[in-house]
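Peer 1: Kindly generate the corresponding structure for this input.
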Amino acid sequence: MIKNIIFDLGGVLIDWNPEYLYKKIIPDADQRTYFFDNICTQEWNECQDAGRSLAEGTQVLVEKYPHYKAEIEAFYGRWEEMLGGPIQETVDMLTSLYHGNRYPLYALTNWSDETFPIALKKFDFLQLFRDIVVSGEEKMKKPSHKFYNLLLDRHRLSPNSTLFIDDNARNVKAACELGLHTIHFTNPGKLHEKLKNTYSIFA
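Peer 2: Numbers count the residues shown, from 1 in each chain. You can find the predicted model right below:
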């Protein structure tokens, strides 16, 4: 049934977490929570994922919150410190799928086009994908149906024979609406179990 597999990257194959950096900058947990909930928010970061430049995104916040200038500028100035490394168990599954040569592998990621080259240099396993569609390059992002369809149309993939894996429930829901098979990623063990028991992958 499944002929193609699409992976999300951050949170599935790559451990990316702003906490890794900001525990050094803002040691108090409550103050960090306030900072992420009100200043460098997920919504703000997604604007850069959708194509806004890092410089513009940073300037917008510095002008609004000048007393947090240093903390805001660190978000992209020290962005690489947010990378915790590969999620190795998932990478091992990806590698096994690649070498098994049974499923064409693709990636669909919400990621700034300015920071993604850092990941490409850092993680060799990204070379295993036939294509990686990056939101910052395309100026659109998940969960927009247009973003999914861009990958599907580019490679003539049929939704009903394509599996999509993502750790964000919102993105999984959008993929379901387009008719893709989906797995909501929570941890590598459950992913392996789902691939094996539901889709007879790794059986």
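Peer 1: Which segments of the protein make up each domain?
Peer 2: Following automatic domain parsing, one gets these domains for the chain: 4-15+85-199, 17-82.
Peer 1: Return the most buried member of these.
Peer 2: Mean neighbour count (mean count of other CB atoms under 10 Å) peaks for domain 4-15+85-199 among the domains of the chain, with a mean of 17. Any C-beta I mention is one placed from the backbone N, CA and C, and that applies to glycine too.
Peer 1: where does that domain sit relative to the chain's centre, distance-wise?
Peer 2: 8 Å (CA atoms, centre = their mean, to the nearest Å).
Peer 1: Could you pull up phi and psi at residue 86?
Peer 2: Backbone torsions of residue 86, given as degrees, to the nearest 10, read phi -70, psi 150.
Peer 1: State whether it and residue 125 are indeed in contact, as I suppose.
Peer 2: Yes - counting by CB atoms under 8 Å, residue 86 touches residue 125, with 6.8 Å between them.
Peer 1: Now do the shared contacts for these two.
Peer 2: Here residue 86 and residue 125 share the contacting residues residue 13, scored by CB atoms under 8 Å, 6 or more residues apart in numbering.
Peer 1: Which residue, other than its chain neighbours, is closest to residue 93?
Peer 2: Excluding the flanking residues, the one nearest residue 93 by CB to CB, 6 or more residues apart in numbering is residue 192, at 6.3 Å.
Peer 1: Who are the contact partners of that neighbour?
Peer 2: Neighbouring residues of residue 192 by CB under 8 Å, 6+ apart: 89, 93, 202.
Peer 1: Nice, that's everything, thank you.
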